[in-house]
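# what shape does this take:
(2 chains)
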Amino acid sequence: MNAAAPLAATGLRKTYGEREVVCGVDFALRPGECFGLLGPNGAGKTTTLRLCLGLTDPDAGSITVLGEPVPRQAREARMRIGVVPQFDNLDPDFTIRENLLIFGRYFDISNAVLRARIPELLDFAGLASRADARIQTLSGGMKRRLTLARALINDPELVFLDEPTTGLDPQARHVIWERLRNLLKQGKTLLLTTHFMEEAERLCSRIAIMDHGKIIAEGEPRALIAQHIEPHVVEVYGEAAPDWADRFGRAHAERCEATGETIFCYTHDPAPLIADLDARGDLRYLHRRASLEDVFLKLTGRELRD
Amino acid sequence: MSARNHWALPQFSLRFAQVWRRNRLVWRKLAIPSMLGNLADPLLYMFGLGYGLGRMLEDVNGMSYIAFLAAGIVCSSTMMSASFEAMYSAFSRMQMQKTWEALLNAPLTLDDVVLGELVWAASKSFLSGSAVLIVAAVLGLVPSPLALAVVPLIFLTGLAFAGLGLIMTALSPSYDFFMYYFTLCVTPMMLLCGVFFPLDQLPAAAQVAAQLLPLTHAVSLARPLVNGTVPPSWLLHIAVLAVYAIVSFYVALALTRRRLLQ
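Take a look at the predicted model:
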C-alpha cells in the first residue's frame, strides 16, 4: 500500500464480547476515487467506518488516514475529513444557516471564512432560499443535502458517506448522486457504504463486498461482474416457474437460483431459454444483463439478514 | 494494540468551549421563558414557606426564617438546575438528537464533549442560583458583601451536581430512569441537607448521613456568607464539593466512554 493513499487499513480486527465484527480487513483508497464498501446488514461496514474515524479502537491492525495514524492522531485526521452519517444528526434547534455555522466552528474555522463558504454550500445543497428555515420544516431529501453540505464545511479531502441515500425517494437520490459526482470532479476522495448496488455501480470506481467482517471480493464493478457471474440473466416468474426450471432451465443455463416462485437463470447464451419461454407463452420473464446485485447475492447469499 | 481504557485520565482541550458555546446559542433562543421557568419554582418555595411558615417561627439561628431559607434555596435551585440540564437535556443531545455523534465526527473528542456539558450545566445552574441570590438581595435579606463569595460557590455546587447528573445520563436507557435519581437522591437532599430547617433538628444518625451529601456542604457555606459571617471549616466544605465535582466528572466520563466508544 502506498503512502499517498488517502486511507489505508491493514489487518483490522474488532471484537465485541464474543463476536468478532471485523475480522482482518485490508483496503486502501486511491486519491480522487469513490470507493464503495458494500455488505448486508451487520457485515461490519459501519464498525469499519468508526474504526477509520478513530471513534473506537481496533483490537489489531493499523489505519492511516490522510497521513495521520488513527486512532492516535484521529483528531488531526478528522480535521480534514467530512462525514455524512447514516442517520441525520442535524441540530433541530438551529436554522439551516446556523447548522453550517456552528458545525464550522467545531473545526475552528474563522467566522470570516465561514461567512464566505456558507453561501456556496447553500447553493450546492440547493437550499439558498431556505437558509433561515428551521430543520423540522425540511423534507428528508433536504435534510440529506444539508447533511452533505455540512460535511463539506471544512473543505475535506476525504468524505465518508454511510448509506447517504437510504430512505430517500428516487428524485432526491438522483440529486445526491449528482452532487457526489460533482465532489469527485473537484478531486475529493469518497468512501461510500451502501446497500444500493445501483448506487455503487453508478458512483464507485472500485468496490469491496464485505460479509461477516471480511472483505470477500474487491475490484471495479464491471470487472467484478465479469469475474463472478455469467453476463446474462433471465428472471422467470410464476407458479409454474420452479417446474420449468427443473425440466428445462437448469439444463440450459449455467446456474439457476430460486426464491419462491422466481427463478434466476445465469447464462452466457440466453437464446435457448428465451426461445422456450416464448414458445410456452405462460411464464412472464425478464432478460437483462448481469448486475452488481447478482454478484452481491451470489457472494453473500439470499437469506435475510436482520 | 489493546482496546481503549475507559478509565484513562481525561485529556482536555479548549474545544470543550465549542460544546458550551453551542448549548448557549440554543439556550439564548429560549432564554426568557427558560429563566422564568427556572426562577418560578425556587421563588415560590422562598415566598410561600418563607412568609407563610416564617410568620409562625421566631428567628432561626439568629436570622429571620425567610433569610435562613433564602440561602438554602440558592443552593437547592442550583442543584435542581444542574441536575435537569445534565440529565434530561444532555440525554436529549446524546441519545435523541445525536448531537454528540455529530460533535465526534468533527475534531472533538468525547472528553471535550463531556467536559463541555459539565461546564454548561454548571453555568446554567449558576444563572438559577444567582437569580435567587439577587432576588434575596433586592428584598434586603442579604446584609453583608460577604455574600459575594456565594457567587463562585454557586458555580462549584453546579459542577458537583452536573457531574452526578452526567453519571446518570451515561447509565440511562431512557428518560424514565432519571426519576430514580430524583426520588432517591435529589428529594432526600432537599429535605435532609439543611435547606428548610437546621441540620441539628435531625436525629444524630441522619445528621451524620447528611454530612456525606454535597448539598449539605453547599448550604453550610452559603448560609453564613449570606448572613455576613465566615463559615466554620469552610475549607473542608469547599474540598468536599470539589471532590464531588472532580470524581463525578471522572466517573461520568469513563461510563460515557464505555457507552459510546465501543
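# quick one: the strands in chain A?
Taking DSSP state E to define them, one finds strands in chain A at A:7-16, A:19-28, A:34-38, A:60-65, A:68-70, A:81-84, A:158-162, A:189-194, A:206-211, A:214-219, A:232-237, A:255-259, A:262-267, A:284-289.
# can I get those strands in TSV with mean neighbour count?
(C-beta placed from N, C-alpha, C; glycine too.) Below are those laid out as TSV (neighbours: other C-beta atoms under 10 Å in any protein chain shown):
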stretch	mean neighbour count
strand A:7-16	19
strand A:19-28	18
strand A:34-38	26
strand A:60-65	20
strand A:68-70	19
strand A:81-84	25
strand A:158-162	23
strand A:189-194	24
strand A:206-211	23
strand A:214-219	17
strand A:232-237	20
strand A:255-259	15
strand A:262-267	22
strand A:284-289	13
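# and those strands as a markdown table, adding mean pLDDT?
Converted to a markdown table, these look like this (pLDDT from 0 to 100):
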| stretch | mean pLDDT |
| --- | --- |
| strand A:7-16 | 95 |
| strand A:19-28 | 95 |
| strand A:34-38 | 97 |
| strand A:60-65 | 96 |
| strand A:68-70 | 95 |
| strand A:81-84 | 97 |
| strand A:158-162 | 96 |
| strand A:189-194 | 95 |
| strand A:206-211 | 95 |
| strand A:214-219 | 95 |
| strand A:232-237 | 95 |
| strand A:255-259 | 91 |
| strand A:262-267 | 94 |
| strand A:284-289 | 95 |
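# mind checking which of these is nearest A:L146?
A:L146 lies closest to strand A:81-84 among those, at 10.4 Å (C-beta to C-beta).
# what's the closest of the strands of chain A to chain B?
Counting by C-beta to the nearest C-beta, chain B lies closest to strand A:81-84 out of these; the figure is 3.9 Å.
# and residue 133, how many residues sit next to it?
I went with chain A, as the question did not name one. A:A133 has 15 neighbours, counted by other C-beta atoms under 10 Å in any protein chain shown.
# my question was about chain B, not that one.
26.
# do A:A290 as well
19.
# tell me the pLDDT of the closest residue to it other than its chain neighbours.
Using C-beta to C-beta, 6 or more residues apart in numbering or on different chains and skipping residues adjacent in sequence, the residue nearest A:A290 is A:I229, 4.6 Å away. Among the per-residue scores, A:I229 holds a pLDDT of 93.
# before we move on, what about the one 10 residues further on?
At A:E239 the predicted local distance difference test score is 91.
# on that earlier part again, Throw the strands of chain A into TSV and include distance to A:G44, thanks.
TSV is the format used below for the strands of chain A (distance: least, C-beta to C-beta, whole Å):
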stretch	distance to A:G44
strand A:7-16	8
strand A:19-28	5
strand A:34-38	9
strand A:60-65	13
strand A:68-70	17
strand A:81-84	18
strand A:158-162	13
strand A:189-194	10
strand A:206-211	6
strand A:214-219	8
strand A:232-237	28
strand A:255-259	25
strand A:262-267	27
strand A:284-289	30
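# tell me the contacts of the closest residue to A:R134 other than its chain neighbours?
Take A:R134 and drop its neighbours on the chain: the residue closest to it by C-beta to C-beta, 6+ apart is A:T95, 5.8 Å away. Going by C-beta atoms under 8 Å, 6 or more residues apart in numbering or on different chains, A:T95 touches A:A131, A:D132, A:A133, A:R134, A:I135.
# tally of neighbours for B:D59?
Look at B:D59: counted by other C-beta under 10 Å, it has 11 neighbours.
# report pLDDT for the closest residue to it other than its chain neighbours.
Once flanking residues are discounted, B:D59 sits nearest to B:Y65: 7.6 Å by C-beta to C-beta, 6+ apart. Reported pLDDT at B:Y65 in the predicted model: 93.
# which one of the strands of chain A lies closest to B:A222?
strand A:81-84 (45.6 Å).
# circling back: from the contacts of A:T95, keep the buried residues only.
A:I135 (16 or more other C-beta atoms under 10 Å in any protein chain shown).
# could you dump the contacts of A:T95 into JSON lines and include pLDDT?
Listed next are these as JSON lines, based on pLDDT from 0 to 100:
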{"residue": "A:A131", "pLDDT": "95"}
{"residue": "A:D132", "pLDDT": "96"}
{"residue": "A:A133", "pLDDT": "96"}
{"residue": "A:R134", "pLDDT": "94"}
{"residue": "A:I135", "pLDDT": "94"}
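# closest one of the contacts of A:T95 to A:L90?
Distances from A:L90 to the contacts of A:T95, taken by C-beta to C-beta, are shortest for A:I135, at 5.0 Å.
# can you list the residues of chain B near chain A?
Neighbours of chain A within chain B, by C-beta under 8 Å from any C-beta of the partner chain: B:1-4, B:15, B:18, B:21-22, B:25-26, B:29, B:97-99, B:101-109, B:261-262.
# what about those, which are in helices?
Counted as lying in helices by DSSP state H, out of those, are B:Q18, B:R21, B:R22, B:L25, B:V26, B:K29, B:T99, B:E101, B:A102, B:L103, B:L104, B:N105.
# and the closest residue to the fourth one other than its chain neighbours, what does it touch?
If the residues on either side of it in the chain are set aside, B:L25 comes closest to A:I102, at 6.8 Å by C-beta to C-beta, 6+ apart. For A:I102, the residues meeting the contact criterion (C-beta under 8 Å, 6+ apart) are A:D91, A:F94, B:R22, B:L25.
# can you put those residues in JSON lines and add pLDDT and distance to A:P270?
Below are those laid out as JSON lines (pLDDT from 0 to 100; distance: C-beta to C-beta, whole Å):
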{"residue": "A:D91", "pLDDT": "95", "distance to A:P270": "53"}
{"residue": "A:F94", "pLDDT": "95", "distance to A:P270": "55"}
{"residue": "B:R22", "pLDDT": "97", "distance to A:P270": "59"}
{"residue": "B:L25", "pLDDT": "95", "distance to A:P270": "62"}
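# now those in CSV, with distance to A:A290 and neighbour count?
Converted to CSV, the contacts of A:I102 look like this (distance: C-beta to C-beta, whole Å; neighbours: other C-beta atoms under 10 Å in any protein chain shown):
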residue, distance to A:A290, neighbour count
A:D91, 44, 20
A:F94, 47, 19
B:R22, 49, 24
B:L25, 53, 16
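# the lowest-mean-pLDDT helix or strand in chain B vs helix B:16-29, what angle?
Using mean pLDDT, DSSP states H and E, helix B:31-47 stands out as the lowest-scoring helix or strand of chain B, at a mean of 87. Comparing the axes of helix B:31-47 and helix B:16-29 via axes from the mean of the first three to the mean of the last three C-alpha atoms, to 10 degrees yields an angle of 80 degrees.
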